[in-house]
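**Student:** fold the following, please.
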Amino acid sequence: MTNIEIAMMLLRTGEMLEVLGQAYNAFPYYRAAEMIEGLEEDVVGIYRNGRLYDLPGVNMTLANKIEELIQTGKIGQHDELLSSTPKWLLDVLDIPCMDAKKVAIIWQSLNIASIEDLEWAAKKYRLQKLPGFDAKVEINLLRGINLSLTSKAGVLLGIAMPMARKMAYGLLEMPEVERVEWSGSLRRGKEIVGNIDLLVETNTPTLAIKEFLRQFPPLKIIQQTKNKIVVLNKEGIKIEISMLSSHEFIPLLHFTTGSKTYISNLNKYANNERKLEIKEDGLYRTDTDKKFFCETEEEIYDILGLQYIPPELREGHDEINTARENAIPNLINMNDLKGDLHVHSSWSDGAASIEEIAQWAKGKGYKYIGICDHFRTQSSKRKGIRLEDVHHYIEHITHLNERDYDFKILAGLEVEIQKDGELGIGEDMLSLFDFVVGAVHSGFEDGIEAVTNRLIRGCNHPLIDIIAHPTNRIIGRRDIFVNTERLFKAAAETHTVLEVNSYIARVDLPDIYIRQAKSQGIRFAINTDAHIINELLMLEYGVSTARRGWLEPRNVINTMEYEELTHTWKRNRRGELTRQQLQ
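**Tutor:** Just a heads-up that it's a prediction; the model follows:
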């Protein structure tokens, strides 16, 4: 049993004690867990040498618990607490923004019996009334609930990528490590990945593995050899790390990036057309067994006689034939984007002010930011801009723009396309905004065609420019919920932009639908739908998905400079789009 396993068991025991109202009894468990996790010496060895009592903070009670765990693999008290603690409370404990103190307050203060009840309470802003809770905590909790429910589908790209980066940066601090890359479905930018695969170039694999284990203590080591280690991290995600020499690195990076179907198709092409074979350790001639030493992936494709195929496209569809025709498009990159057109501020259900959002965006090098707060109808209970707030909201953004002529804040509005197709706000007021985003967030019980009809009404509206998260899916919770054929036809006919929503639990439009919509001449906006500042960083996941959907910069409106962008809004294209076309 590892130190991490012992520490995790003690930590969870303490958390359950605190949640159930025994905070005083929980603290010794927390201290012991923190101490054991940081120990370099193996606790099992310390126990066998009779030195458990020598550990700081370990009294007789805790020593007995640790001894019981080492001998039996469990702690009786932990099991008793587990049987008396509602399962949903444990799920809430695993949400990053929560701790045992906050969960205890929720459990003791609210009449809640499930994680769904908690989600409902957060959406009704009931948590903000509790001590230690504010709007930011409430938003983070809602996001965390969403992610906890979606994680059953696999590891979300937006969870796996930060983990991979952190490990890569940690390993690169070693002078013996030359480079680190992630491969597999993570490098292809899939919205769900199975595990995290890292390739490390080093001449000292033993030292690199030791350093990895020191920096990132795993929950469990699954496999370990001289040149490879496979672990389960504390979040339960499988991490596979291969230590490679310089001449092994590129061949394995290429081989492990593409899907199995892609590598199989590429080998068929290579064998039939070039008498070549692609293996894990390199590219070979099939007739002479000659091995080609390639320093870059581009060299591999040159030898194959193919245009370079970006990692995101290596799925096994038609990309090889397209590369043969030299027709792989110039895919969009993060640097192509000039701004984000769907950000929520504290004027509705966001946590940051418009000033804070603009300051962050300008610091990232954006040319503009689209504040797109919810409109609150008279019957709505969600936070949002009321009809009487509109003029003040517009004036506020106008005033902020007057302070800085090098950066633009666009005054947008997100409206709910209601069941009857109405928006709850007239065209005279909508026309005051720079642009309008239409969306559906409820009424899914009416069925796909009813929801599709509402979105089509949005496309037909003369002032709705963008349809947000068009398929309405939430990964692991709600599948595609729209008739994409009908929606794409309406969007194409009315020149309505479709959003690629970058929020990691949505990633909507999905890649296959992006490519379908692109073929119909539809344009896109890659946005975050951010409600807190940190979520603005999620834009990269929308870009990864857009690349998987074969999008080029010219297909995405927020690659445009501000002046060009303003000409894309329907209100400014009345000469091109007659009202009859839009209805």
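
**Student:** in the stretch 251-400 of the chain, where is pLDDT below threshold?
**Tutor:** With pLDDT under 70 as the threshold, the stretch 251-400 of the chain has low-confidence stretches at 378-382.

**Student:** in it, which spans are helices?
**Tutor:** Per DSSP state H, counting those that start in this stretch, the stretch 251-400 of the chain carries helices over the ranges 260-274, 297-304, 319-324, 354-363, 390-403.

**Student:** nearest to Leu487, of those?
**Tutor:** Taking Cβ to Cβ as the criterion, Leu487 comes closest to helix 319-324 out of the helices of the stretch 251-400 of the chain, the separation being 26.0 Å. Every C-beta, even on glycine, is put in place using the N, C-alpha and C of the backbone.

**Student:** helix/strand/coil for Ala411?
**Tutor:** Taking DSSP: H, G, I helix; E, B strand; the rest coil as the rule, one finds Ala411 in the strand state.

**Student:** could you list the low-confidence segments of the stretch 101-250 of the chain?
**Tutor:** Low-confidence segments of the stretch 101-250 of the chain (pLDDT under 70): 146-154.

**Student:** just the helices in it please.
**Tutor:** Taking DSSP H, counting those that start in this stretch as the criterion, the stretch 101-250 of the chain carries its helices at 115-123, 135-150, 157-172, 184-187, 205-215, 246-257.

**Student:** got those as TSV, with distance to Ala104 columns?
**Tutor:** Rendered in TSV, the data for the helices of the stretch 101-250 of the chain read as follows (distance: least, Cβ to Cβ, whole Å):
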stretch	distance to Ala104
helix 115-123	13
helix 135-150	14
helix 157-172	26
helix 184-187	36
helix 205-215	32
helix 246-257	45
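
**Student:** quick one on the thing from earlier: how about the helices of the stretch 251-400 of the chain, which one is nearest Ala168?
**Tutor:** Taking Cβ to Cβ as the measure, the helices of the stretch 251-400 of the chain were each checked against Ala168, and helix 297-304 came out nearest at 17.9 Å.

**Student:** can you point out the buried residues in the closest one?
**Tutor:** Using 16 or more other Cβ atoms under 10 Å as the test for burial, helix 297-304 gives Glu297, Glu299, Ile300, Tyr301, Leu304.

**Student:** what's the neighbour count on Arg285?
**Tutor:** The burial count assigned to Arg285 is 14, neighbours taken as other Cβ atoms under 10 Å.

**Student:** same question but for Met60, I mixed them up
**Tutor:** For Met60, the neighbour count with other Cβ under 10 Å is 9.

**Student:** before we move on, what about Tyr47?
**Tutor:** By other Cβ under 10 Å, 19 other residues sit near Tyr47.

**Student:** and Gly158, by the same measure?
**Tutor:** Gly158 is flanked by 20 other residues according to other Cβ under 10 Å.

**Student:** ok, it to Ala164 distance?
**Tutor:** Plainly put, Gly158 is 11 Å away from Ala164 if you go by Cβ to Cβ, to the nearest Å.

**Student:** who touches Ile222 in this structure?
**Tutor:** Applying Cβ atoms under 8 Å, 6 or more residues apart in numbering to Ile222 gives the contacts Val230, Val231, Leu232, Lys238.

**Student:** separation between the closest residue to the third one other than its chain neighbours and Arg48?
**Tutor:** By that I understand Leu232. In space, not counting the residues next to it along the chain, Leu232 is nearest to Lys220; the distance is 4.3 Å by Cβ to Cβ, 6 or more residues apart in numbering. The spacing between Lys220 and Arg48, counted by Cβ to Cβ, is 21 Å.

**Student:** and those two? which has more neighbours close in?
**Tutor:** With other Cβ under 10 Å as the criterion, Lys220 and Arg48 differ in neighbour count, and Lys220 comes out ahead with 15 against 11.

**Student:** I figured that one hits Thr2, correct?
**Tutor:** Yes: the pair formed by Lys220 and Thr2 meets the contact definition of Cβ atoms under 8 Å, at 7.2 Å.

**Student:** for stretch 184-201, measure first residue to last.
**Tutor:** Stretch 184-201 has an end-to-end distance of 17 Å (criterion: Cα to Cα, to the nearest Å).

**Student:** how about it: buried residues?
**Tutor:** Counting neighbours by 16+ other Cβ under 10 Å, one finds that the buried residues in stretch 184-201 are 184-193, 195-201.

**Student:** now, the residues you listed that are in strands?
**Tutor:** Assigned to strands by DSSP state E, the following of those qualify: Ile192, Val193, Ile196, Asp197, Leu198, Leu199, Val200, Glu201.

**Student:** wait, the third one sits on Trp182?
**Tutor:** Yes: in terms of Cβ under 8 Å, Ile196 counts as a neighbour of Trp182; the distance is 6.6 Å.

**Student:** find residues that contact each of these two.
**Tutor:** Here Ile196 and Trp182 have Ala164 as joint contacts, going by Cβ under 8 Å, 6+ apart.

**Student:** tell me how far the residue lying closest to Thr61 once chain neighbours are set aside lies from Glu116.
**Tutor:** Take Thr61 and drop its neighbours on the chain: the residue closest to it by Cβ to Cβ, 6+ apart is Pro28, 7.7 Å away. In this structure, Pro28 and Glu116 are separated by 34 Å, where distance is defined by Cβ to Cβ.

**Student:** what's the answer for Glu34, then?
**Tutor:** Separation of Glu34 from Glu116 (Cβ to Cβ): 33 Å.

**Student:** likewise Ser431?
**Tutor:** Applying Cβ to Cβ, one obtains 40 Å for the distance of Ser431 from Glu116.

**Student:** helices of the stretch 451-583 of the chain, start to end?
**Tutor:** Secondary structure of the stretch 451-583 of the chain (DSSP H, counting those that start in this stretch): helices located at 484-494, 511-519, 539-548, 562-566, 579-582.

**Student:** now for these, which one comes closest to Leu172?
**Tutor:** helix 539-548 (19.4 Å).

**Student:** give me the contacts around the closest one.
**Tutor:** Residues external to helix 539-548 that are found in contact with it (Cβ under 8 Å, 6+ apart): 157-158, 161, 188-191, 310, 312-313, 315, 331-334, 337, 340, 500-502, 504, 507, 509-511, 514, 524, 526-528, 556.

**Student:** buried set for that helix?
**Tutor:** Of the residues in helix 539-548, those scored as buried under the neighbour-count criterion (16+ other Cβ under 10 Å) are Leu539, Glu540, Tyr541, Gly542, Val543, Ser544, Thr545, Ala546, Arg547, Arg548.

**Student:** quick one: mean pLDDT for it?
**Tutor:** Taken as a whole, helix 539-548 has an average pLDDT of 97.

**Student:** for stretch 447-466, same thing?
**Tutor:** In this model, stretch 447-466 has a mean pLDDT of 94.

**Student:** now it: buried residues?
**Tutor:** Neighbour-count burial for stretch 447-466 flags 451-466 (criterion: 16+ other Cβ under 10 Å).

**Student:** let's see which of those residues end up in strands.
**Tutor:** Those of the buried residues of stretch 447-466 lying in strands (DSSP E): Ile466.

**Student:** which one of the buried residues of stretch 447-466 is nearest Gln77?
**Tutor:** Proximity of these to Gln77 was ranked by Cβ to Cβ; the top entry is Val451 with 49.7 Å.

**Student:** coming back round to it: wait, which of the contacts of Ile222 is closest to Asp289?
**Tutor:** Nearest to Asp289 out of the contacts of Ile222 is Val230 (Cβ to Cβ; 31.1 Å).

**Student:** and that closest one, what are its bridge partners?
**Tutor:** Note on Val230: beta-bridge partners by DSSP bridges are Gln223, Glu240.

**Student:** any idea how far it is from Tyr53?
**Tutor:** Computed as Cβ to Cβ, the Val230 to Tyr53 distance reads 36 Å.

**Student:** of the two, which one has the most company?
**Tutor:** Between Val230 and Tyr53, counting by other Cβ under 10 Å, Val230 is the more crowded of the two (18 against 11).

**Student:** check the offset of stretch 464-476 from the chain's centre.
**Tutor:** In this view, stretch 464-476 has its centroid 16 Å away from the chain centroid, taken as Cα atoms, centre = their mean, to the nearest Å.

**Student:** quick one: end-to-end length of it, please.
**Tutor:** Across its full length, stretch 464-476 reaches 29 Å between end residues, using Cα to Cα.

**Student:** cheers, nothing more for now.
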